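Engineer: 3D, please:
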Amino acid sequence: MGAIIDAIHNKLTAAFQPTRLEIQDDSARHHGHAGAREGGESHFNVLIEAQAFAGAPKVMRQRMVYKALAEELAGPVHALSVRAVAPGEA
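Structural biologist: Numbering: from 1, shown residues only. Predicted coordinates for the structure are as follows:
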């Protein structure tokens, strides 16, 4: 894993104590597009399952994740797709 994936993993783990966390570097699919960087780590897909999302609407869940990753979103991360679910949700 790269430094940015490690940072995303560490910050989301600290903020939400997820029961499931999957981070996929999707940068290769965006080669040549805006925001793509040499070496990748600019476009990510995240699936996070945590109790913290129980009862929260989808938009609020995404805002919670974006807040935890504000530093990365302000710099090296160009695009972040988030699927945030509570335990037991499909």
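Engineer: Please, where are all the helices along the protein?
Structural biologist: Secondary structure of the chain (DSSP state H): helices at 3-16, 58-68, 70-73.
Engineer: A86 is nearest to which of these?
Structural biologist: If you check each of the helices of the chain against A86 by CB to CB, helix 58-68 wins as the nearest, at 8.6 Å. Bear in mind the C-beta positions are built from the backbone N, C-alpha and C, glycine included.
Engineer: Which secondary structure elements does the closest one sit against?
Structural biologist: helix 3-16, strand 79-85 (3 or more CB pairs under 8 Å, 6 or more residues apart in numbering; DSSP states H and E).
Engineer: measure the closest residue to R83 other than its chain neighbours to L73 for me?
Structural biologist: Excluding the flanking residues, the one nearest R83 by CB to CB, 6 or more residues apart in numbering is L47, at 4.8 Å. Distance, L47 to L73, by CB to CB, to the nearest Å: 17 Å.
Engineer: again, but for D6
Structural biologist: For D6, the distance to L73 - CB to CB - is 16 Å.
Engineer: more neighbours, the two?
Structural biologist: L73 (15 against 12; other CB atoms under 10 Å).
Engineer: check contacts around that one.
Structural biologist: Listed by CB atoms under 8 Å, 6 or more residues apart in numbering, the contact partners of L73 are 66, 80.
Engineer: just use 499 as the starting number from now, easier for me
Structural biologist: Yep, numbering from 499; the last one is L571 now.
Engineer: What separation is there between it and Q560?
Structural biologist: Taken as CB to CB, the span from L571 to Q560 is 11 Å.
Engineer: Tabulate the helices of the chain (CSV), appending mean pLDDT and distance to A582.
Structural biologist: Formatted as CSV, the helices of the chain follow (pLDDT from 0 to 100; distance: least, CB to CB, whole Å):
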stretch, mean pLDDT, distance to A582
helix 501-514, 97, 9
helix 556-566, 98, 4
helix 568-571, 96, 15
